[in-house]
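1. I'll drop the sequence and a predicted model, then ask my questions.
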There are 2 protein chains.
Amino acid sequence: MVLKLRKKATALPGCPMSKCMDLLGGCWTPEVLWSLSEGPRRFSELRRDSPFISAKVMTSRLRDLEQRGVLTRTVMPTSPPTVEYELSELGKELLPAIRSIVEVGTRLLLRDTSS
Amino acid sequence: MVLKLRKKATALPGCPMSKCMDLLGGCWTPEVLWSLSEGPRRFSELRRDSPFISAKVMTSRLRDLEQRGVLTRTVMPTSPPTVEYELSELGKELLPAIRSIVEVGTRLLLRDTSS
DNA sequence: CTTTCAGGTAACCAACTGGAAACTGCCGAC
DNA sequence: GTCGGCAGTTTCCAGTTGGTTACCTGAAAG
């Protein structure tokens, strides 16, 4: 968490870091992507996965990501309506970075508790 | 670029992602760490590496990172004084994540230009 | 004497953002 | 007939932050 995306600042052209952070930089974005990494999930499931993300932010983050082509949003014609979010191909390409962050974080946590 | 760290929000206890993002989430933090990944660098070198980062932000980012133990700051008793920043052990542990982000970004850029 | 450079700090501003809470429409259940 | 759940949206507020500009010390160069 703890990340914010600034609207005006766009990725520096040609900078790989910017290019990638443009997609996964944004408050809670990594968490959402991580939740989706194991398959499609519905809005309420995502909310339950990360209860500390407010509905408003969850919505705006999902809309952002949809617009950037990182995930797809499918409304099922059921009642009550069900909405499914799923990583697109582009979204799946981000997973190695997310996984790496999680791995490093895990190592840091272990280090904390062992020392 | 494009990244902000929120002061009040601290890492969720026990969440690897938070733990890691707490250290590398913050406007321009990844860029700074990337600059430092190949060895110690001085303030003005860092500024030249990333001219789009204002001095103020560069300073505050470096202070943050120093306080979190990600890098060390050494003032050399020369005149004019020289200051060297270097990744600590903790900082080096973050590099796999940074590298992964850069790799993913590179792949995305290639994809863009080829299609 | 003045300028330049290193490595910052201080002040001020405007912007973007996240949080909280209330409201919506539709349906099935109690 | 009203309660709850899904999937949001809207409004309002306040906080945090980054950018910009100006300013500081000390030494050396022109």
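-> That came in fine, so what should we check first? Treat the numbers as computed from the prediction; the structure is a model and nothing was measured. Numbering: from 1, shown residues only, chains lettered A, B, ... in the order given.

2. can you tell if the helix or strand harbouring A:R48 touches DNA strand C?
-> Assessed by DSSP states H and E, A:R48 sits inside helix A:43-49. No - Helix A:43-49 is not in contact with DNA strand C by CB under 7 Å from any atom of the strand; minimum separation 11.2 Å. Glycine gets a C-beta too; all of them are placed from N, C-alpha and C.

3. Kindly export that helix (C-alpha atoms) in PDB.
-> The C-alpha coordinates for helix A:43-49 follow below in PDB (Å, rounded to 0.1, in the frame of the first residue of the first chain):
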ATOM      1  CA  PHE A  43     -15.600  -6.900  -6.500                       C
ATOM      2  CA  SER A  44     -16.700  -8.000  -3.100                       C
ATOM      3  CA  GLU A  45     -14.100 -10.700  -3.000                       C
ATOM      4  CA  LEU A  46     -11.400  -8.100  -3.700                       C
ATOM      5  CA  ARG A  47     -12.900  -6.000  -0.900                       C
ATOM      6  CA  ARG A  48     -12.700  -8.900   1.500                       C
ATOM      7  CA  ASP A  49      -9.100  -9.700   0.400                       C
END
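
4. by contact count, what packs against it?
-> With contacts taken as 3 or more CB pairs under 8 Å, 6 or more residues apart in numbering or on different chains; DSSP states H and E, helix A:43-49 sits against helix A:29-36, helix A:55-67, strand A:82-87.

5. change it to 10 Å
-> helix A:29-36, strand A:41-42, helix A:55-67, strand A:82-87 (3 or more CB pairs under 10 Å, 6 or more residues apart in numbering or on different chains; DSSP states H and E).

6. Find the centremost residue of chain A, please.
-> Centroid check for chain A by CA atoms, centre = their mean gives A:L33 as the closest residue, at 2.9 Å.

7. what's the closest non-adjacent residue to that one?
-> Counting by CB to CB, 6 or more residues apart in numbering or on different chains, A:I98 is the residue found nearest to A:L33 once chain neighbours are left out, at 5.4 Å.

8. Give me the contacts around the helix holding A:R48.
-> Outside helix A:43-49, the residues within contact range by CB atoms under 10 Å, 6 or more residues apart in numbering or on different chains are A:31-32, A:34-36, A:41-42, A:53-55, A:58-59, A:61-62, A:73, A:81-85.

9. So which bits of it are buried?
-> Neighbour-count burial for helix A:43-49 flags A:43, A:46-47 (criterion: 16 or more other CB atoms under 10 Å in any protein chain shown).

10. Check which element follows the element among helices and strands of chain A having the smallest mean pLDDT along the chain.
-> In chain A, no helix or strand scores lower on mean pLDDT, DSSP states H and E than strand A:3-4, which sits at a mean of 46. Downstream of strand A:3-4, the next assigned helix or strand under DSSP H and E is helix A:16-24.

11. For DNA strand D, state which of the buried residues of helix A:43-49 is nearest.
-> Using CB to the nearest atom of the strand, A:F43 is the member of these that lies nearest DNA strand D, at 3.9 Å.

12. how near is that closest one to B:R42?
-> In this view, A:F43 and B:R42 are 49 Å apart by CB to CB, to the nearest Å.

13. and what of A:R107?
-> The gap separating A:R107 from B:R42 is 30 Å, by CB to CB.

14. just to revisit the earlier point, run through the residues that contact the residue nearest to A:L33.
-> A:24, A:29-31, A:33-34, A:36-37, A:91, B:17, B:97, B:100-101, B:104.
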